[in-house]
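**Q** Make a model of this:
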Amino acid sequence: MKLKVTVNGIPYDIEVDVQAEEKRPVGSIVIGGAGGMNTPVVTTASVQATSANAVTAPLSGSVSRILVEEGQAIKAGDVLCVLEAMKMETEITAPADGTVARILVAKGESVAGGEALIELG
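**A** The predicted structure is shown next:
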């Protein structure tokens, strides 16, 4: 590939060898929120249970909202709670239909990635 560049007012004709690059799929990237630095950016994550009845945190953060109650019937995809980490909110959704057997965390509590949040029945 031939290029023309100017450096300090002096024009140069250069030739560049271009090598084929390996194309890799890029996931979604969110930089900042529409509302400014203090507005959380909402993302979603459906978390697979580590056992037949536990929904776990996909990442470390703090529990900002719990949207279900013990004994409540839920459907797959229903939002159970919301975690906040680095000003981003992640909705934790039910992996399957069922009932909320036990809520294992409280609002404001810090959780580690992989920690059980809610038991389903």
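
**Q** Could you look up the SS state of residue 90?
**A** Here residue 90 is recorded as strand under DSSP: H, G, I helix; E, B strand; the rest coil.

**Q** Need the pLDDT of it.
**A** For residue 90, the pLDDT comes out at 91.

**Q** again with residue 23
**A** With respect to pLDDT, residue 23 has a value of 54.

**Q** Helix or strand: which one has residue 99?
**A** strand 98-103 (DSSP states H and E).

**Q** In contact with residue 100: list those residues for me.
**A** 68, 69, 70, 71, 72, 74, 80, 118, 119, 120, 121 (C-beta atoms under 8 Å, 6 or more residues apart in numbering). For every residue, glycine as well, the C-beta is placed using N, CA and C.

**Q** ok, now residue 86?
**A** Residue 86 neighbours (C-beta under 8 Å, 6+ apart): residue 61.

**Q** Would you mind measuring from it to residue 60?
**A** Residue 86 is 10 Å from residue 60, where distance means C-beta to C-beta, to the nearest Å.

**Q** one step back: dump the strand holding residue 99 to CSV, keeping only the CA atoms.
**A** These are the backbone C-alpha positions of strand 98-103, laid out as CSV (Å, rounded to 0.1, in the frame of the first residue of the first chain):
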residue,chain,number,x,y,z
GLY,A,98,-39.9,-22.0,39.8
THR,A,99,-40.5,-20.4,43.2
VAL,A,100,-38.2,-18.3,45.3
ALA,A,101,-37.3,-20.6,48.2
ARG,A,102,-34.8,-18.4,50.1
ILE,A,103,-33.1,-15.0,49.6
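
**Q** Counting neighbours, show which residues of it come out buried.
**A** 98, 100, 103 (16 or more other C-beta atoms under 10 Å).

**Q** now stretch 55-69
**A** So, applying 16+ other C-beta under 10 Å, buried residues of stretch 55-69: 55, 56, 57, 58, 61, 63, 66, 68.

**Q** Thought residue 65 was touching residue 82, still the case?
**A** Yes - with contacts counted by C-beta atoms under 8 Å, residue 82 reaches residue 65, the gap being 4.3 Å.
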